[in-house]
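A.B. asks: Here is my input; please provide its structure:
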Amino acid sequence: MASSLYLKRPVRVLIRTRRTDLENVHPSVEKADTELIAQFCQLSGIIDTVEIRHLITRFDIERVDILFDYGVPMDDHYPEVRAFKVRVKDSIPRITQLFNPVIETFVNRTVDVWKTELRGSNVNFPRRTDVEKIRRALASVATVSVIYKDNRLKC
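C.D. replies: Numbering: from 1, shown residues only. Reported below is the predicted structural model:
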């Protein structure tokens, strides 16, 4: 284990990866990010995962950003942030630390925006909105399919 990968709490972590890398971890979108966090924790020396709080998984066209807290108090709005690029080959995560002076500000503002938007909608944070959108989309496709079948049967 590389010493730069060792995480000391409290810290907010950004994992930047790709959709294909997540698929190499687990075929299910709902489980791949959680499994990648677990593997990352194991590789970074985190033994007690009770203090891990998965905050956000955001899918873009080219990348996936996963944010989680390790031992960060709920009222800490600007904790230290560490960022990592993760590629997965043959089910093995390859982790590289990212260094950019604006990452901490960007990550903490992103979390604040999500908290504000969700709480403004009377929704708790953290909440897996990414997975819920996928579930709703799949459910609406299934509903349309059932409606179509029902209408067809009536004719």
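A.B. asks: This protein: strands as residue ranges?
C.D. replies: Under the criterion DSSP state E, the chain contains strands at 11-17, 52-59, 64-70, 81-89, 92-98.
A.B. asks: Distance to residue 24, mean neighbour count and mean pLDDT added to those strands, as JSON lines?
C.D. replies: All C-beta spots, glycine's among them, are computed from the backbone N, C-alpha and C. Output for those, formatted as JSON lines (distance: least, CB to CB, whole Å; neighbours: other CB atoms under 10 Å; pLDDT from 0 to 100):
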{"stretch": "strand 11-17", "distance to residue 24": "10", "mean neighbour count": "22", "mean pLDDT": "97"}
{"stretch": "strand 52-59", "distance to residue 24": "16", "mean neighbour count": "18", "mean pLDDT": "92"}
{"stretch": "strand 64-70", "distance to residue 24": "12", "mean neighbour count": "22", "mean pLDDT": "96"}
{"stretch": "strand 81-89", "distance to residue 24": "4", "mean neighbour count": "18", "mean pLDDT": "96"}
{"stretch": "strand 92-98", "distance to residue 24": "9", "mean neighbour count": "14", "mean pLDDT": "95"}
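A.B. asks: TSV for those strands, including distance to residue 33?
C.D. replies: Below are those laid out as TSV (distance: least, CB to CB, whole Å):
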stretch	distance to residue 33
strand 11-17	8
strand 52-59	5
strand 64-70	5
strand 81-89	11
strand 92-98	12
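A.B. asks: what's the closest of those to residue 27?
C.D. replies: With CB to CB as the criterion, residue 27 lies closest to strand 81-89 of the strands of the chain, at 12.6 Å.
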